[in-house]
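Undergrad: A predicted structure for the sequence below; I have some questions about it.
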Amino acid sequence: MLAVRIFLVVMVCATSLVLVTNLYALRKARRLESTGARVEGECVNHYWPSGGYVGAICTYSAGGREDLSVRSSRYSVAPVEIGDLVEVTYDRKNPERSMLSFEVGNRVGYDTALTVVMGTLWAGAVVGIFLTW
């Protein structure tokens, strides 16, 4: 019984960490989606994170500043090719905070789904702790 309680406590801690991190990302993506400025950018390079994935590095201009850059998420196939024009959404208050526009909507949906799953696991672990007490 002690092993079950320890497992459930670990589950509560782990899902809490994922939930807090995910809720921060969800809030950021929703803010960008609703209040962000959209500008045209250009894919200037690709990067290869571990695991055989590829991402795009795009530059954009925001509010008269020098060119800023944004990295896409990682994909199994490059989301855009070098030289392609892309729409970038950035935070008006802090233009360095940005995402590729096609990823903003996907991010909100993904983060919402992950929040629901982690919230359910968290609630189940909490109920399990109380039932095994």
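TA: Done, it's in.
Undergrad: and the helix or strand containing residue 116, how far out from the chain's middle?
TA: Assigned by DSSP states H and E, residue 116 falls within helix 101-131. Mean-position distance between helix 101-131 and its chain equals 13 Å (CA atoms, centre = their mean, to the nearest Å).
Undergrad: which parts of that helix are buried?
TA: 101, 103-104, 107-108, 110-111, 114-115, 118, 121-122, 125-126, 128-129 (16 or more other CB atoms under 10 Å). (Glycine included, C-beta is placed from N, CA and C.)
Undergrad: which strands and helices sit next to the lengthiest helix in the chain?
TA: Of all segments of type helix in the chain, defined using DSSP state H, the longest is helix 2-35. Here helix 2-35 is seen to pack against strand 85-90, strand 98-100, helix 101-131 when contacts are counted using 3 or more CB pairs under 8 Å, 6 or more residues apart in numbering; DSSP states H and E.
Undergrad: what residues does the shortest one touch?
TA: This points to strand 98-100. 29, 32, 36, 41, 56, 58, 60, 62, 68, 70, 72, 79, 86-91, 107 (CB atoms under 8 Å, 6 or more residues apart in numbering).
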